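K.L.:
Mind looking at a prediction? Sequence and model below.
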Amino acid sequence: MRRVKTLALSMILIFAVTWGASVSSAASIEVRPGESIQAAIDAAIGGDEVIIYPGTYSENLTCRGAAITVRSTNPEDSSVVDATIIDGKGKDRVFLIDCGEGRDLVLSGLTMRNGKSNFGGGVACFNSSSPTIINCVVTANSADTYGGIGCRDSSPMILNCIIMENSSGSIGGGIGCSNASSPEIIHCTITKNSAAAAGGGLGCDAGASPVVTNCILWGDLAMREIAIADTGNPAITYSDVLGGYPGEGNINADPLFVDPAEGDYHLQAASPCIDTGTNDETLEKRDKDGVPRPQDGDGDGVATCDMGAYEFVKE
């Protein structure tokens, strides 16, 4: 009996040491201006974080399939996010994700701008790649199809993002999806994007079925805010859509941004988007600024999520 207990104890100790070594093996790889983000991504393994310090990095990045987080130093501080810029310089898309990555590949608190490609100028997801994109700004990107974020056979989760001023030569100026993609787009503000054909905010075709919840799609430039073609079937609920769109809880009203001319997409106190979202427990519990959701923004005694990337805080 003593030998069995000793053996069992030894096995527990070996497991504990091995497990501890495994847990502690995750690394934080810091990248500062003048250094290469791509080199850090290439060096990272599953569980690692690539932490990018504020600055402008002129790179066109490719993820390699590892379950890593690529983030700014503080993804819930808008000033840090705005200052942590990955600039595609019009040479190629900013991020290519095409190795079948799942939700545990995370892009967090980054500004991705000036990407250019035939598909997905800011971020392109192919080959059943479904990363998490959270607290990001995707802006000033362009593509022949799907200007800001493009998904083909892929279903990323896009949370608390500002998708603005991107352009498409066809449909889907802000976000687009095709080939049975089913991205989840939650608490995003999609505005001032453009598309030569239709779908300034969202383009959906080839059997794609995006799920859009608690979002604002407003002020995009195209024939329609949302373009649907070739058996596309978006499910849009509790969202403010310019021109209206069928779906539970949807509205069609000026969201009353604080100062859109200066890129401030917080909500004014009179915004119709305050307390008109849904409190689905599966949704993100903090907004782009780290403010807890839901707030009782209209002061009626019931805390309800707002639409868009920012939660209004009643003073």
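P.N.:
Looks like it arrived, so ask away.

K.L.:
can you tell me how far residue 245 sits from residue 212?
P.N.:
9 Å (Cβ to Cβ, to the nearest Å). Using the backbone N, CA and C atoms, a C-beta is placed for each residue, glycine as well.

K.L.:
For the two, indicate the residue with more neighbours.
P.N.:
residue 212 (28 against 20; other Cβ atoms under 10 Å).

K.L.:
The more buried one falls within a helix, correct?
P.N.:
No. Read with DSSP: H, G, I helix; E, B strand; the rest coil, residue 212 is strand and lies in no helix.

K.L.:
That one reaches residue 185, doesn't it?
P.N.:
Yes. Here residue 212 reaches residue 185: they are 4.7 Å apart, a contact under Cβ atoms under 8 Å.

K.L.:
So for the two, which residues contact both of them?
P.N.:
residue 202 (Cβ atoms under 8 Å, 6 or more residues apart in numbering).

K.L.:
Please list all residues in contact with the nearest residue to residue 305 once chain neighbours are set aside.
P.N.:
Distance criterion Cβ to Cβ, 6 or more residues apart in numbering; nearest residue to residue 305, sequence neighbours excluded, is residue 277 at 3.7 Å. Counting by Cβ under 8 Å, 6+ apart, residue 277 touches 187, 213-214, 238, 249, 294, 304-307.

K.L.:
how about a cut-off of 10 Å?
P.N.:
Residue 277 makes contacts with 186-187, 213-215, 237-240, 249, 283, 293-294, 304-308, 311, as judged by Cβ atoms under 10 Å, 6 or more residues apart in numbering.

K.L.:
How about residue 313?
P.N.:
With Cβ under 10 Å, 6+ apart, residue 313 has these contacts: 266-267, 287, 289, 291-292, 295-297, 306.

K.L.:
With respect to residue 260, which of these is nearest?
P.N.:
residue 266 (10.1 Å; Cβ to Cβ).

K.L.:
neighbours of that closest one, just the number please.
P.N.:
21.

K.L.:
Quick check on it: phi, psi?
P.N.:
phi -70, psi 160 (degrees, to the nearest 10).

K.L.:
which residues touch it?
P.N.:
78, 189, 256-259, 287-289, 306, 308-313.

K.L.:
Is it correct that residue 79 falls within a helix?
P.N.:
Yes. Assignment of residue 79 by three-state DSSP places it within a helix.
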